[in-house]
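Visitor: dropping the sequence and predicted coords here.
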Amino acid sequence: MEFAALAEEAGKKGMVLVDSDETDKLLGEFDDKVQEVDDLCEIVDPESKPFESKYKAREILDKYLQRLEAARTIAKLEAKTEQSKRLSEKIAALQVKVGGISWDCEEPHSAQKDLDPACDYYYPGLNEQIQTMVGQMDELAPGEDSFTPRYQELSTPTLQALSLHLLVDSLKCLNLLGILWAGRGQPHKSLVYLRCAELVYKTYRADHPRNHPSTAFTTNFSDKELESSFTHTLFYLAQAYGHLRDTDLSSQYCQETLQRQLVNGLKDIKTALEWVKNCAGIADFYRAMDDAHRCALALASAEKILKDKVIRTLYSDFDKVKEEQPSTTASAAPGEDASKEGEVSTGKPLPHQRPNFVQGNLNAAEIEADLHRRWASLDVYTLQRAAERRKEHLMAAEMGIDALKIEADESAARQTSSTAAGDGDTAELFAGLPVSRAVTTFLQPKDISTFDHARTVFLRGVARIEAAKKFYVLDGYVTDHVTLLQDHSKLYHHLALFETDLKRKLAMELRRLDMLTPLLKSLNRVSFEVLHKQVSYELGETLLAVLDIKLDKLRQKDASGQEVINEKALKKSDIVKINEYCKTGYAMFTHFGFMYAQSKDRVTQNTFAAFETAPLPELVQRYCAEPDETLITQEEVRPFLNATFLSCRVMSKIIAHPTVLPSDRPMDRAFYLVQCLRRYEWLVRFAPRICERRGLNVLEIFGDEMRICEDMVKLLPSKIDRMCYMGESGLGL
């Protein structure tokens, strides 16, 4: 009791009292303290106090560490070398644990205070060595917006070998220091710590090999912890190389991480969902690398885990809940969340009383919908490339070029296309996770040569879009829902290029209008300005495609055998319809243009309804001639210029019928071509100026269009004269 009273008195004075004769007893508390802390860290605290339990855990360890450090000081003074060594080992292990808790509590500065001395214990001098090695690599040079990756210049320090029980904590320490410095925007420093962790593990495994990588890890606790820590190392390395813009290495490390997690077993729904999200990220990488085959296999692997490890488990648990509490489950209203975070949920994300899992940023329903969206995006991309290839072949045929040679060149260029392991009807991107090879059909442009092939991809993509829209509803997920509608629209556009019947082709493009036009009226222009820009521009392009198809339907062969449009022979209904399309198309591009107008014009002019209802002669005189150039970013220069350019194309297709002319004067027959001429002249003046101010080369981003503008400025005056005084049609442009 006397010692306890003295210890209490010392504590009040900020001191620690230890009994040097009770050091073994003090060390004996280690396992119990660690277990107590681990139990506290497992508690999910309320959002109002998210780290309450972790703070308690850290406080327990801090007090215990103070006692251990005091005991070590006494042991050193008394020259008890072995006792001092044992204490130092436990102190370093606890410093790593405290550093991890501080990191989880979003206190990197506090974490470093514990991790640095732990690292110095395991690998003396490593912190200083890394600081010297990295130097100024992570600092911006004058005038730079981002650093230049120079990680190839970095070597990995040589580290001393440690026994397994020390190795686990040292690996955790290096991992934490790696992500800590990454969080501070120092990716080179982060990378060296993580490379050290990788080297430490591989050096140990060279002398202590484990079972074959395709089999589960050992059941030995320390060995299992080591494997888990190294899996984290690989994951952090994937992120580090991603920050350093090496997508290839980043993807390799990410895939290795996922393979190890798969082998070790996905222990619960949360782990499985994290695996699915990361696997979807791998699919994005392969998509960016133009490897549709591996992209599809990655998505199929993610989908398989989602179905087998998440959805099946959720339904099993959900059925048990229904059996135990049938009245409560049956009475839950659609959209009402009947569970706590992290438990089985019957809430809004999965409709019709489907179970769901929500914890933190993990939402099983959202992840499922996101996979559908990625599949749809892959199909859009596939059909787009196939449509581009078809256009190239058609153009080649018109020029008398052998399209088969192009096909052979494409095949040779794609000879390196990836393959995956598997047998028969299955394939494996990850060992032990076979998926159907059917997911890899119709992924290459050369495989899609007929309308039926294209229709297969179209229907596959549409099915995925409809599945994703069940979660991404317009009310609540506006951007996601609109993006899905845009993907649906693109599928129609690319499919139309394979259709030879003009009536059916026209119907497909008109379907795009029905799908997207309501968005301009339902979405608030101020809140969803970016979406208004995207949708109005796409609708303008759609109406140009509609006009081209409609005019192609009206072409007839003349005496010389050329297909031309006889304006005098056109039905009034056709003229009215063409001019309606022209008016709507021009309204779309004008709406887009006025998104960049001066503030006064943006308020008075930029409402889509105003453009839609204005008479055509009045409408075509409106365009954003004095934009607020500060609103036009470098990436938006081309769309802004092109919208005006395409509006000229729309105006050139207006048929000069009395119903749409300002008056019956001969001069007004060319009214719309005069407006075209003014826009072309404006573009010739404005395009070079805005490009120069944004540091762009006008010939690189607007070259072909610029040359056409210059040609039109020269040619249109004489064309206008012939229309006014010789009755020539304007459709010859």
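Guide: Thanks, I have it.

Visitor: which one's the longest helix in this structure?
Guide: For the chain, the longest helix by residue count, based on DSSP state H, is helix 364-398.

Visitor: tell me the helices and strands packed up against that helix.
Guide: Using 3 or more C-beta pairs under 8 Å, 6 or more residues apart in numbering; DSSP states H and E, the elements in contact with helix 364-398 are helix 269-288, helix 292-305, strand 356-359, helix 403-413, helix 451-469, helix 478-496. To be clear about C-beta, it is placed using only N, CA and C from the backbone, and glycine gets the same treatment.

Visitor: could I get these as a markdown table with mean neighbour count?
Guide: Shown next, in a markdown table, are the helices and strands packed on helix 364-398 (neighbours: other C-beta atoms under 10 Å):
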| stretch | mean neighbour count |
| --- | --- |
| helix 269-288 | 20 |
| helix 292-305 | 24 |
| strand 356-359 | 22 |
| helix 403-413 | 12 |
| helix 451-469 | 19 |
| helix 478-496 | 21 |
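
Visitor: ok, of the ones you listed, where does mean pLDDT dip lowest?
Guide: Mean pLDDT is lowest for helix 403-413 among the helices and strands packed on helix 364-398, at a mean of 58.

Visitor: roughly how far is the next helix or strand after that helix from the heart of the chain?
Guide: Of the helices and strands lying after helix 403-413 in sequence (DSSP states H and E), the nearest is strand 426-427. Offset of strand 426-427 from its chain centre (C-alpha atoms, centre = their mean, to the nearest Å): 27 Å.

Visitor: contacting residues for residue 99?
Guide: Residues counted as contacts of residue 99 (C-beta atoms under 8 Å, 6 or more residues apart in numbering) are 111-115, 118, 173, 176.

Visitor: most neighbours of all the residues you listed, which one?
Guide: Neighbour counts for the contacts of residue 99 (other C-beta atoms under 10 Å) peak at residue 173, which has 32 neighbours.

Visitor: and that one, how far from residue 116?
Guide: 9 Å (C-beta to C-beta, to the nearest Å).

Visitor: still on that earlier bit, which ones among the contacts of residue 99 lie within helices?
Guide: 111-115, 118, 173, 176.

Visitor: now do the contacts for the residue nearest the centre of the chain.
Guide: The centre of the chain sits closest to residue 284, judged by C-alpha atoms, centre = their mean, with a distance of 7.4 Å. The contact partners of residue 284, by C-beta under 8 Å, 6+ apart, come to 295, 374.

Visitor: swap in residue 300?
Guide: Contacts of residue 300 by C-beta under 8 Å, 6+ apart are 435-436, 439.

Visitor: quick one: the residues you listed as TSV, columns for pLDDT, distance to residue 399 and secondary structure too.
Guide: Putting those into TSV (pLDDT from 0 to 100; distance: C-beta to C-beta, whole Å; DSSP: H, G, I helix; E, B strand; the rest coil) gives the following:
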residue	pLDDT	distance to residue 399	secondary structure
435	93	42	strand
436	92	41	strand
439	91	37	helix
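
Visitor: if you rank those by neighbours, which is first?
Guide: Comparing the contacts of residue 300 by number of neighbours (other C-beta under 10 Å), residue 435 comes first, having 24 neighbours.

Visitor: gap between it and residue 278?
Guide: 17 Å.

Visitor: on that earlier part again, so what's the gap between the longest helix of the chain and the chain middle?
Guide: Distance, centroid of helix 364-398 to centroid of chain: 17 Å (C-alpha atoms, centre = their mean).

Visitor: buried set for it?
Guide: Under the neighbour-count criterion of 16 or more other C-beta atoms under 10 Å, helix 364-398 has 364-387, 389-390, 393, 396 buried.

Visitor: for stretch 197-216, same thing?
Guide: 197-198, 200-201, 203-204.

Visitor: in helices only, show me those.
Guide: Counting by DSSP H, the buried residues of stretch 197-216 place 197-198, 200-201, 203-204 in helices.

Visitor: those into TSV, with extra columns for pLDDT and distance to residue 541?
Guide: Formatted as TSV, these follow (pLDDT from 0 to 100; distance: C-beta to C-beta, whole Å):
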residue	pLDDT	distance to residue 541
197	95	51
198	95	49
200	93	56
201	94	53
203	92	58
204	91	59
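
Visitor: on that earlier part again, got the buried residues of stretch 197-216 as CSV, with distance to residue 686 columns?
Guide: Shown next, in CSV, are the buried residues of stretch 197-216 (distance: C-beta to C-beta, whole Å):
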residue, distance to residue 686
197, 55
198, 54
200, 61
201, 60
203, 63
204, 65
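
Visitor: looking at these, which is nearest residue 465?
Guide: residue 198 (41.2 Å; C-beta to C-beta).

Visitor: so what's the closest one up against?
Guide: Residue 198 is in contact with 156, 230, 233-234, 237, counting by C-beta under 8 Å, 6+ apart.

Visitor: residue 273 now?
Guide: Contacts of residue 273 were listed using C-beta under 8 Å, 6+ apart, and they are 306, 310, 357, 362, 364, 367.

Visitor: widest-spaced pair of those?
Guide: Across those (C-beta to C-beta), the longest gap, 11.8 Å, separates 306 and 362.

Visitor: tell me the contacts of residue 540?
Guide: Taking C-beta under 8 Å, 6+ apart, one finds 585, 588-589, 592, 643, 646-647, 650 in contact with residue 540.

Visitor: filter the residues you listed to the buried ones?
Guide: By 16+ other C-beta under 10 Å, the contacts of residue 540 give 585, 588-589, 592, 643, 646-647, 650 as buried.

Visitor: the longest helix of the chain versus helix 292-305: what angle between them?
Guide: 160 degrees (axes from the mean of the first three to the mean of the last three C-alpha atoms, to 10 degrees).

Visitor: angle of helix 364-398 against helix 451-469?
Guide: Angle, helix 364-398 to helix 451-469, by the same axes, to 10 degrees: 160 degrees.

Visitor: give me the mean pLDDT for helix 364-398.
Guide: 91.
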